[in-house]
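Q: Need a 3D model of the sequence below.
(chains A and B, ligands or ions: 2)
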There are 2 protein chains.
Amino acid sequence: MKKGCPFGTHRVIEPQGVLPQPANRIDNDMAIYDNEILIDVQTLNIDSASFTQIKEEAGGNIEKIKAIMKKIVETKGKHQNPVTGSGGMLIGRVEKIGPALEGKCPLKVGDKIATLVSLSLTPLKIDEIHEVRKDIDQVDIQGKAILFESGIYAVIPEDLPENLALSVLDVAGAPAQTAKLVKPGDTVMVIGGAGKSGMLCLYEAKKRAGITGKVICLTHSEKSIKRVQEAQLADEYIVADATNAVEVMEKVKRVTDGQMADIVINCVNVPNTEMASILAAKDDGLIYFFSMATNFTKAALGAEGVGRDTTMIMGNGYTKGHAEIALQIMRESEPLRKVYEELYA
Amino acid sequence: MKKGCPFGTHRVIEPQGVLPQPANRIDNDMAIYDNEILIDVQTLNIDSASFTQIKEEAGGNIEKIKAIMKKIVETKGKHQNPVTGSGGMLIGRVEKIGPALEGKCPLKVGDKIATLVSLSLTPLKIDEIHEVRKDIDQVDIQGKAILFESGIYAVIPEDLPENLALSVLDVAGAPAQTAKLVKPGDTVMVIGGAGKSGMLCLYEAKKRAGITGKVICLTHSEKSIKRVQEAQLADEYIVADATNAVEVMEKVKRVTDGQMADIVINCVNVPNTEMASILAAKDDGLIYFFSMATNFTKAALGAEGVGRDTTMIMGNGYTKGHAEIALQIMRESEPLRKVYEELYA
Ligand SMILES: NC(=O)c1ccc[n+]([C@@H]2O[C@H](COP(=O)([O-])OP(=O)(O)OC[C@H]3O[C@@H](n4cnc5c(N)ncnc54)[C@H](OP(=O)(O)O)[C@@H]3O)[C@@H](O)[C@H]2O)c1
Ligand SMILES: NC(=O)c1ccc[n+]([C@@H]2O[C@H](COP(=O)([O-])OP(=O)(O)OC[C@H]3O[C@@H](n4cnc5c(N)ncnc54)[C@H](OP(=O)(O)O)[C@@H]3O)[C@@H](O)[C@H]2O)c1
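A: Numbers count the residues shown, from 1 in each chain, chains lettered A, B, ... in the order given. Ligands and ions are numbered 1, 2, ... in the order given. You can find the predicted model right below:
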């Protein structure tokens, strides 16, 4: 059996020297290397940007969607949309575990897992497409995939509905990082606190900041702030446009008696909110940018422009134990679980 | 006298509600508000990307360069290049200090300072352009500028040549952050360690990591690694292409006995080096991205894609005391000062 690199570089066909994600084509032969896991795939969760593009290209026709998806995998060895560059994730059962992983990896054959690394780097073979669920970006297939040694995954819990687990796992990095960053007594502000990742962050922030802390939720619409208020996820609620830095600063000043936030967590899905995040934080505060719409230069030059010594952390989607931390919230919080079941599951 | 906002929003003319930097036009009337500082400007240091564009547009003609610069300031009230969006910095003497700053600001009238906030947000008036020094992006003028309350600056030291001080101040954030992040015993790797910011980071890293630590310098060319070796700035030297993540990882593995770096400081001036930075760091390591070529999404998804729990910090150009820390290096290190005088002053 061949020995593999932990990152899967042994599967890169073209161009040589890069990692599987930026590669144009990877080897999707389903004979595993010694440190790989073979997965019997059940469902592909296509990234929303990617699936929207495919649907448009197919004019909504199911058979055309299937053909486009098959073509992508045949050409690239992975389901990486050539237009959007993005992937998604998959669910399946462990079929084979490479011998080099024995004792290192807690999985066993038959476990049902969700891969938490992108499909844009995962070797995949589609034998047949059974069903396309257009409205929720899910596609049931018969096929196989490979998980690399460095690839992250979560075992699907028995006690939670599968779709609920999936939607929570999608944003698991945010609440787990919140849990690690927030200390008792902190004033924490979540920008975009009514969203899928934002609500989980609010919950963790309140738990960690405790009775001596203060948790502030900022969202754009009155409608979504109501949802968060009903679930009692924060101590203070602000409705504001996060692209308006001055408005946000003034409102945060009011609810913090001019002290501002120790930690700002940015969970919005729109660009140009870097400056509001910076001005909402204390001078020696910390900002965690989970939003993928964050622009590096705007944040770096923005903080310098107003002479702020803020620490700004880029939202790595992964942190140890992130799946467990995020799923646990669904068990602990009755009201939050209700909201998630209604909205996302 | 009118009361001003610390960030200068009172000077924004168009569009309303934004900060001075993203504004299209700001008020450059030189009657100061109560919390502003009036500067008698001596020299503008135009940002290199901006000046290159202006020179090209002017076909290298000095009078045309002058005309373009004057036009920018007349239109926008600040020297923000409409093509590149960038500014630069300025040197001048303090002419007036707003009464609200009394006791708060250590400056006195007559002090010679360099502003460390961008010209892209600084109200400026040019009366005359005396000299354009095309090769070093400097322009001597007669004119005035305004520094906001939140604006950062450095007093030009008496004991260092002005151009030396300026080139060090340009990248002062990087060594100051290095000084704050590195602890005794750390293995620190500086990617782009032979550059203007990189060498200062190496010096601070060696000082803080101490005899039990290890400092690694990575650059692209054999030529520049020699310069760093002669000045003895690091413990280990690597020549590699930082856009090749796998090559970098293998070479760092070799010089760290497979341990990898506790802290990676990215000071390159080219894109696509996020992945090399991630793979060079330990799983629980820290990466400081000072390079403005850093892409947020590539870093965030890159770390997730290889299952790394790395903390990634965005290089805020400012941190408390950054000017003092950076200038002090020029006093402490004879060999480094020689290199800087040769290359940049
Ligand atoms: N770093 C990673 O690994 C990773 C992984 C997954 C997702 N993400 C990113 O995380 C972000 C959030 O994802 P999500 O699924 O939680 O999004 P979401 O459910 O769509 O929530 C977005 C939130 O942002 C708020 N918002 C939108 N525009 C706003 C504005 N102008 N001012 C104030 N608030 C505004 C929304 O408020 P209203 O409800 O009031 O409109 C909502 O609360 C996305 O950018 C996504 O790309 C990152
Ligand atoms: N965050 C902030 O506030 C702030 C402020 C100022 C500057 N910056 C940024 O800091 C960065 C560095 O500035 P600088 O003035 O120090 O730059 P610099 O003097 O031009 O140095 C660049 C360094 O990168 C190395 N390099 C270039 N391509 C490489 C590659 N493919 N592989 C390995 N090394 C490579 C060069 O190596 P060789 O010498 O061998 O070619 C050199 O050592 C820039 O991106 C700049 O925008 C940020």
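Q: Any idea how many residues pack against the nearest residue to A:Gly193 once chain neighbours are set aside?
A: Excluding its sequence neighbours, the residue lying closest to A:Gly193 (Cβ to Cβ, 6 or more residues apart in numbering or on different chains) is A:Cys217, at 3.4 Å. In short, each C-beta sits where N, CA and C put it, glycine included. When neighbours are counted by other Cβ atoms under 10 Å in any protein chain shown, A:Cys217 registers 28.
Q: Might one say that A:Thr297 is in contact with B:Met292?
A: Yes. With contacts defined as Cβ atoms under 8 Å, A:Thr297 counts as touching B:Met292 at a distance of 5.8 Å.
Q: May I see the buried residues of the helix or strand of chain A with the lowest mean pLDDT?
A: Using mean pLDDT, DSSP states H and E, the weakest-scoring helix or strand in chain A turns out to be helix A:162-170, at a mean of 90. Buried residues in helix A:162-170, counted by 16 or more other Cβ atoms under 10 Å in any protein chain shown: A:Asn163, A:Leu164, A:Ala165, A:Leu166, A:Ser167, A:Val168, A:Leu169, A:Asp170.
Q: Ok, stretch A:195-211 next?
A: A:195-209.
Q: Can you pick out the most distant pair from the residues you listed?
A: Greatest spatial distance in the buried residues of stretch A:195-211: A:Lys196 and A:Ala209, 21.1 Å, computed using Cβ to Cβ.
Q: closest to A:Lys108 among the buried residues of stretch A:195-211?
A: Looking across the buried residues of stretch A:195-211 and measuring by Cβ to Cβ, the closest to A:Lys108 is A:Leu200, at 28.9 Å.
Q: what are the phi and psi values for A:Met199?
A: Phi and psi for A:Met199, reported as degrees, to the nearest 10, are phi -60, psi -40.
Q: Tell me the pLDDT of A:Leu343.
A: Listed pLDDT for A:Leu343 reads 89.
Q: Just want the angle from the one helix or strand it maps to to helix A:162-170.
A: According to DSSP states H and E, A:Leu343 maps onto helix A:334-344. Calculated by axes from the mean of the first three to the mean of the last three Cα atoms, to 10 degrees, helix A:334-344 forms an angle of 100 degrees with helix A:162-170.
Q: Please list the residues of the stretch 101-250 of chain A that sit near ligand 1.
A: The stretch 101-250 of chain A comes close to ligand 1 at residues A:170-171, A:173, A:192, A:194-198, A:219-221, A:224, A:241-243, as judged by Cβ under 6 Å from any ligand atom.
Q: just the residues you listed now: which is nearest B:Asn24?
A: The closest of those to B:Asn24 turns out to be A:Thr243 (Cβ to Cβ; 15.9 Å).
Q: Please determine how far that closest one is located from A:Lys226.
A: 22 Å (Cβ to Cβ, to the nearest Å).
Q: Comparing the two, which residue is more hemmed in?
A: A:Thr243 (18 against 13).
Q: Looks to me like the more buried one is in a strand.
A: No. Counting by DSSP: H, G, I helix; E, B strand; the rest coil, A:Thr243 is not part of a strand but coil.
Q: doesn't A:Asn266 make contact with it?
A: No. The pair A:Thr243 / A:Asn266 is not scored as a contact, 12.0 Å apart, by Cβ under 8 Å.
Q: any idea of the pLDDT on whichever residue of the stretch 51-200 of chain A sits closest to ligand 1?
A: In the stretch 51-200 of chain A, no residue comes nearer to ligand 1 than A:Gly195, which is 1.9 Å away by Cβ to the nearest ligand atom. Per-residue pLDDT puts A:Gly195 at 93.
Q: who touches it in this structure?
A: Applying Cβ atoms under 8 Å, 6 or more residues apart in numbering or on different chains to A:Gly195 gives the contacts A:Thr219, A:Ser224, A:Cys267, A:Val268, A:Asn269.
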